[in-house]
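Visitor: Dropping a prediction and its sequence here:
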Amino acid sequence: MIDTELKDLKLKYLHSESQYEKAERAKDLCNYYWKNSLYEEALNIGLEGLKFAEDIQNKALMFELNTSIGISQHVQGHYVIAREYFEKADKIADELQLPHLKIRSYINLGNVAYHLYDRIEGLSYYFKGVKLSENTKINQYIPRLYNNIANCYSELNQNDRALEYYKKSLKITKEASNYANLHFNIGNLYLSENDYALALGYFKKARDLFKNLNQYHYYVHSINYIGKVYVIKQDYDKALTIYKESLKISEQFNLLHYKESVLLSLADIYTIMNDFKQAKEYYTYFLNNKNIENKRTLSNFYKSYINYNKKLGDISTAFRFMERLLSLNDELFNEEIAKQATLMNAKFDYEHNKKELEISRLRNIELVSYQKVIENQKNELISLSKSKDNILGMISHDLKNYIGSISSILEIASIKDQCFKENKYVGLISNICDKSVTLVKDILLLNRIETDDYILDLEKYDINLDLQHIKENLMLLANKKDIEVIFNFSNTPLICMIQIDSFHRIIDNLFMNALKFTNPKGSISINITKTFLQNKAWAEIRIIDSGIGIPNEHIPYIFDKHTSYGRKGTQGEESTGLGLFIVKRLIDLHQGNIEVNSVEGQGSEFIVYLPLIIED
């Protein structure tokens, strides 16, 4: 059927008599090609058609062809090139003063901004599209605009706003495919919120809708997410049933990517269940297949099979596949860095050229506000800073995985060879890996929490009880340095709104700081109580050490990022310079406060205040 459609489109193009007809048929061919992943053909025929349209100055066709070429570039990830064509189309839409074309331009330019990590600019375009749609009563694009707005809010971790717009779109959408896709998106949002019951409900609805539409690609995708929820809930029997259904459909419709993903999911579940024989059956596909093209899939197989062999006790095989994983991850890391660098260079070049053209234009206009120019430059710098943060996050994430792989190799090698484990250089490498992972984790955390709009997902916890649960872990750390730890817990529950992982990070950083600057045979006290300040109830946590203290002139700067007043610990422990900065930022996000008292040579006291919930 596809060959017949393509043949028909080519014949119509070849037999076109006028330039208008050739441009029209070229547009149809261009759209067919990019939809079927024939991107080079899409570009070539699109440019041919664009020339015909420009020769006869048919603005409407020039808009359509610039848009089609832009989309063909966009789906390949060539976002900067796509934007150039979308901006040409946008200018034509302004010339024609046709609102439906302008709305489409807003959508396309918003999509480019979204994929260039500028969610704020994307939102700006989408909201302009909504406003124009409402003013002109052109309602057909509003469901898509609402969906795109929700996607931006989801990426900005504003899940409540995202859900609001997904549901707005759901109420008014008339397109069956979009209706199904919205159910999937809402399910994914609830999954990120750990609301598994609602996530399952929406994923199952999406599955049924995609099945009725015969969209088996998305049908299998929905099934796999249902399986993912069951795995998280540790309902492995249901997960196995779901994934086996997915495998059957993937094989029936030759959906290779999904087939390979499901095979690994099934192998992982059987490994968790200690059914190694069944797990090995699903690994057989990968072990016998030497032509797996997708490197990410191959990497996931290596990770899964390493875990399987470690659990099985076959350290030799685990070590062999760990070496393969390291080599492959090295390739993937370099490819990703090259891809991101190319993208960033293209974006910087584009912004630079755009800025130069703007400066040239402003020189010929006398009545231009310098304030506006400065504001535009400020916004450009903010946008580029966001791009930098995203690249930093990506690099840090991959570095963490890469260093973690080295640590795993050392662990496996140490199990395999006791002499290897006792080698002093192995210990040194292991120590460096641990420090590197700590630094990268700090960078990743900073990349998330430094933004002004970052919000923690807070829940009620009894922090007095929680600290009792982690007491043993803290004492084990102190025992390694022969330091006594004294706990004084509250006699009553202390209920606070906290994000539990962030709260643990605050306590860990302050405790490790006390540990680092306290000599062996010293002591650390952790006192937890309720207090009242300015007629408000607070949970108070005091961490007091008998360490070397902080020079008085350094105290005002200890919570600064990358402070120059950092020192080595009493046994030469290194510092990233980020620990106390992270503590202060996380406490601020909890609407709390932190104070420090210290006398050099006598010790330090850090006092954390968190708002207390008084329950009847």
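Guide: Received, thanks. Numbering: from 1, shown residues only.
Visitor: can you give me the helices in the stretch 1-150 of the chain?
Guide: 2-14, 19-35, 39-55, 59-74, 79-96, 99-115, 119-136, 142-155 (DSSP state H, counting those that start in this stretch).
Visitor: Just list what the last one packs against, helices and strands only.
Guide: In this case it means helix 142-155. In terms of contacts (3 or more CB pairs under 8 Å, 6 or more residues apart in numbering; DSSP states H and E), helix 142-155 is packed against helix 99-115, helix 119-136, helix 159-172, helix 176-192. Every C-beta, even on glycine, is put in place using the N, C-alpha and C of the backbone.
Visitor: Also the first one?
Guide: Where contact means 3+ CB pairs under 8 Å, 6+ apart, helix 2-14 is packed against helix 19-35.
Visitor: of all the helices of the stretch 1-150 of the chain, which lies closest to residue 278?
Guide: Closest to residue 278 of those is helix 142-155 (CB to CB; 36.6 Å).
Visitor: Next, the angle helix 176-192 makes with that closest one.
Guide: When axes from the mean of the first three to the mean of the last three CA atoms, to 10 degrees is applied, the directions of helix 142-155 and helix 176-192 differ by 20 degrees.
Visitor: and helix 142-155, which residues are buried?
Guide: Within helix 142-155, the residues that count as buried by 16 or more other CB atoms under 10 Å are 142-154.
Visitor: Out of those, which is nearest to residue 169?
Guide: residue 146 (3.7 Å).
Visitor: In terms of pLDDT, where does the closest one sit?
Guide: According to the prediction, residue 146 has pLDDT 93.
Visitor: hmm, back to that, with distance to residue 277 added, can I get the helices of the stretch 1-150 of the chain in a markdown table?
Guide: Converted to a markdown table, the helices of the stretch 1-150 of the chain look like this (distance: least, CB to CB, whole Å):
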| stretch | distance to residue 277 |
| --- | --- |
| helix 2-14 | 42 |
| helix 19-35 | 44 |
| helix 39-55 | 45 |
| helix 59-74 | 47 |
| helix 79-96 | 47 |
| helix 99-115 | 44 |
| helix 119-136 | 47 |
| helix 142-155 | 41 |
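Visitor: nearest residue to residue 586 other than its sequence neighbours?
Guide: residue 502 (4.8 Å; CB to CB, 6 or more residues apart in numbering).
Visitor: What helices and strands are in contact with the helix or strand hosting the one you found?
Guide: Per DSSP states H and E: residue 502 is located in helix 500-516. If contacts are counted by 3+ CB pairs under 8 Å, 6+ apart, helix 500-516 sits against strand 459-462, helix 463-469, helix 471-479, strand 523-533, strand 536-545, helix 579-589, strand 603-611.
Visitor: What separation do you get for residue 45 and residue 9?
Guide: In this view, residue 45 and residue 9 are 10 Å apart by CB to CB, to the nearest Å.
Visitor: now residue 163
Guide: 41 Å.
Visitor: Residue 135 now?
Guide: Distance of residue 135 to residue 9, given as CB to CB: 37 Å.
Visitor: Kindly report the same for residue 271.
Guide: For residue 271 relative to residue 9 (CB to CB), the value is 49 Å.
Visitor: neighbour count winner among those two?
Guide: Between residue 271 and residue 9, residue 271 has the larger neighbour count (other CB atoms under 10 Å), namely 23 against 19.
Visitor: Next, the closest residue to residue 242 other than its chain neighbours: secondary structure please.
Guide: Closest residue to residue 242 apart from its sequence neighbours, by CB to CB, 6+ apart: residue 227 at 4.1 Å. For residue 227, the assignment made with DSSP: H, G, I helix; E, B strand; the rest coil gives helix.
Visitor: i'd like the first residue to be 16 from this point on
Guide: With 16 as the first residue, the last one maps to residue 242.
Visitor: Please name the residues that touch residue 242.
Guide: With contacts defined as CB atoms under 8 Å, 6 or more residues apart in numbering, residue 242 is in contact with 254, 257-258, 261, 277, 280.
Visitor: ok, it to residue 291 distance?
Guide: Distance of residue 242 to residue 291, computed by CB to CB: 21 Å.
Visitor: Show me the shaky parts of the stretch 416-565 of the chain.
Guide: Across the stretch 416-565 of the chain, residues meeting the criterion (pLDDT under 70) sit at 416-468.
Visitor: hmm, try it at 80
Guide: 416-470 (pLDDT under 80).
Visitor: Over to the chain?
Guide: Across the chain, residues meeting the criterion (pLDDT under 80) sit at 16-18, 50-52, 90-92, 132, 308-309, 342, 344-470, 576-593, 629-631.
Visitor: Go ahead and flag the most central residue of the protein.
Guide: Geometric centre of the chain, nearest residue: residue 170, 7.7 Å, by CA atoms, centre = their mean.
Visitor: okay but it is in contact with residue 133, surely?
Guide: No - taking CB atoms under 8 Å as the definition, residue 170 is not a contact partner of residue 133, at 10.5 Å.
Visitor: so who does residue 262 touch?
Guide: The neighbourhood of residue 262, defined by CB under 8 Å, 6+ apart, consists of 274, 277-278, 281.
Visitor: Not counting residues beside it along the chain, what's closest to residue 127?
Guide: Nearest residue to residue 127, sequence neighbours excluded (CB to CB, 6+ apart): residue 98, at 4.6 Å.
Visitor: The one you found contacts residue 125, doesn't it?
Guide: No - taking contacts as CB under 8 Å, residue 98 lies outside contact range of residue 125: 10.9 Å.
Visitor: of the two, who's got more company?
Guide: residue 125 (27 against 24).
Visitor: tell me the contacts of that one?
Guide: Applying CB under 8 Å, 6+ apart to residue 125 gives the contacts 136-141, 144, 163.
Visitor: And residue 20, by the same measure?
Guide: The neighbourhood of residue 20, defined by CB under 8 Å, 6+ apart, consists of residue 47.
Visitor: likewise residue 271?
Guide: Applying CB under 8 Å, 6+ apart, the residues near residue 271 are residue 265.
Visitor: Over to residue 241?
Guide: When contacts are counted by CB under 8 Å, 6+ apart, residue 241 touches 215, 218-219, 222, 257.
Visitor: Identify, from those residues, the entry nearest to residue 36.
Guide: Nearest to residue 36 among the contacts of residue 241, counting by CB to CB, is residue 222 at 43.5 Å.
Visitor: Is that closest one located within a helix, as I assumed?
Guide: Yes - with three-state DSSP as the criterion, residue 222 is part of a helix.
Visitor: Near it, how many other residues are there?
Guide: By the criterion of other CB under 10 Å, residue 222 has 26 neighbours.
Visitor: How about residue 509?
Guide: By other CB under 10 Å, 24 other residues sit near residue 509.
Visitor: Now do the contacts for it.
Guide: 477-479, 543, 545, 554, 627.
Visitor: measure it to residue 293 for me?
Guide: Separation of residue 509 from residue 293 (CB to CB): 48 Å.
Visitor: and what of residue 489?
Guide: According to CB to CB, residue 489 stands 41 Å off from residue 293.
Visitor: Also residue 532?
Guide: From residue 532 over to residue 293 the distance is 53 Å, taken as CB to CB.
Visitor: And those two? Which one has more around it.
Guide: It is residue 532, of residue 532 and residue 293, that has more neighbours when counted by other CB under 10 Å, with 23 against 14.
Visitor: you'd agree that one is up against residue 562?
Guide: Yes - with contacts counted by CB under 8 Å, residue 532 reaches residue 562, the gap being 4.0 Å.
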